[in-house]
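**Q** task: produce atomic coordinates for the following.
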Amino acid sequence: MARHALLRTAAGVVENIAEWDGAAPWPLPNGCEVRQSDTAQIGGRWDGVQFLPPPAPPPDPNAAQFEADVRTCKDYLALATPTAAQTVAATKAHIRITRRVVSELR
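**A** Numbering: from 1, shown residues only. So this is what the prediction gives:
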């Protein structure tokens with residue numbers, strides 16, 4: 001068994017990776033081809049000579065808010081007697097953090 005990449009031929013994009021013996025029948029989807037590779041990654045590209053890694057994901061537009069929410073919660077936990085406004089801010093930050101974590105788990 002060897003590692004193979006399933007490519008969308010026209011785009012040169014790796015759609016899937018599979019272990020295949022090279023002999024068993026494998027009905028390929030239209031417009032696809034298979035190439036043996038130990039380095040191909042799903043989302044990567046075949047440039048006709050070699051496999052290239054997939055592009056880096058775009059930056060998370062909510063990362064700054066997430067970091068601010070974490071700081072707010074940490075600041076809240078460090079206080080001996082928080083004010084009502086600090087309690088509300090920390091609670092809202094905690095809710096945003098929880099929603100983000102839950103959405104990433106889906």
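**Q** quick one, domains of the protein?
**A** What automatic domain parsing lists as the domains of the chain is 2-52, 63-105.
**Q** I'd like those domains as a markdown table, with mean neighbour count and mean pLDDT appended.
**A** (C-beta placed from N, C-alpha, C; glycine too.) Conversion of the domains of the chain to a markdown table gives the following (neighbours: other Cβ atoms under 10 Å; pLDDT from 0 to 100):
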| stretch | mean neighbour count | mean pLDDT |
| --- | --- | --- |
| domain 2-52 | 13 | 94 |
| domain 63-105 | 12 | 85 |
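**Q** which SSE is Val88 in?
**A** Element membership of Val88 [criterion: DSSP states H and E] is helix 84-105.
**Q** how far off centre is that helix?
**A** Taking Cα atoms, centre = their mean, to the nearest Å, one finds helix 84-105 lying 22 Å from the centre of the chain it belongs to.
**Q** what's that helix in contact with?
**A** 62, 65-66, 68-70, 72-73, 75-77, 79, 82 (Cβ atoms under 8 Å, 6 or more residues apart in numbering).
**Q** ok, now with 10 Å
**A** Counting by Cβ atoms under 10 Å, 6 or more residues apart in numbering, helix 84-105 makes contact with 60, 62-63, 65-66, 68-77, 79, 82-83, all of which sit outside it.
**Q** what about Thr72, distance to Glu104?
**A** 20 Å (Cβ to Cβ, to the nearest Å).
**Q** next: Asp47.
**A** 32 Å.
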